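I would like to see how this sequence folds:
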Amino acid sequence: MLEIQIAGSLLGALAQIEPAVALAVAKTALDVEAGAKINIQTGDKTGIVYKRKDGEHQASAPGEAPATDTGTLVNSGEVVPVSALEQDVTFSADYAADLELGTVRIAPRPFLGPAVEAATPDFEAALAQAVTRTANKT
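Below is the predicted model:
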């Protein structure tokens, strides 16, 4: 009987905490998407300068986030809701993974990983706050 009561209390606590966790997940996914796009569009780029008919393009160097050129990479980013507690942040440009992870021919130009790292402290704080609020109610 004690086991059932604990399980019942736990289920009640989970039901109370789920909306706050879902909100934290959704906000973090949006923060990661925005952060990755900012990483691509801003910051110093110290790679090769390509001369073109319409001007120049400064590429990123290995280890820097990719430099925006046509906007395809940035425009391919989106948040895809999977469930209330799961959101995918995707970049669908064919070369997104190659830039993020590198290949045998190109060193990584991470943009998504650093965005996840930057968003993690706020996500962890939101989860801790949700747990504390729920614990104080029970």
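
show me the contacts for Ser92.
Residues near Ser92 by C-beta atoms under 8 Å, 6 or more residues apart in numbering: Ser76, Glu78. For glycine as for every other residue, the C-beta is placed from the backbone atoms N, C-alpha and C.

Go again with 10 Å.
Going by C-beta atoms under 10 Å, 6 or more residues apart in numbering, Ser92 touches Thr72, Leu73, Asn75, Ser76, Gly77, Glu78, Val80.

Just say helix, strand or coil for the residue most central in space within the chain.
Centroid-nearest residue in the chain: Val32, 2.8 Å away (criterion: C-alpha atoms, centre = their mean). Look at Val32: counting by DSSP: H, G, I helix; E, B strand; the rest coil, its state is helix.

That one touches Ala119, doesn't it?
Yes - the pair Val32 / Ala119 is scored as a contact, 5.0 Å apart, by C-beta atoms under 10 Å.

Can you list the residue ranges for strands in the chain?
49-52, 55-58, 77-83, 86-91 (DSSP state E).

wait, which of these is closest to Gln41?
Closest to Gln41 of the strands of the chain is strand 77-83 (C-beta to C-beta; 10.9 Å).
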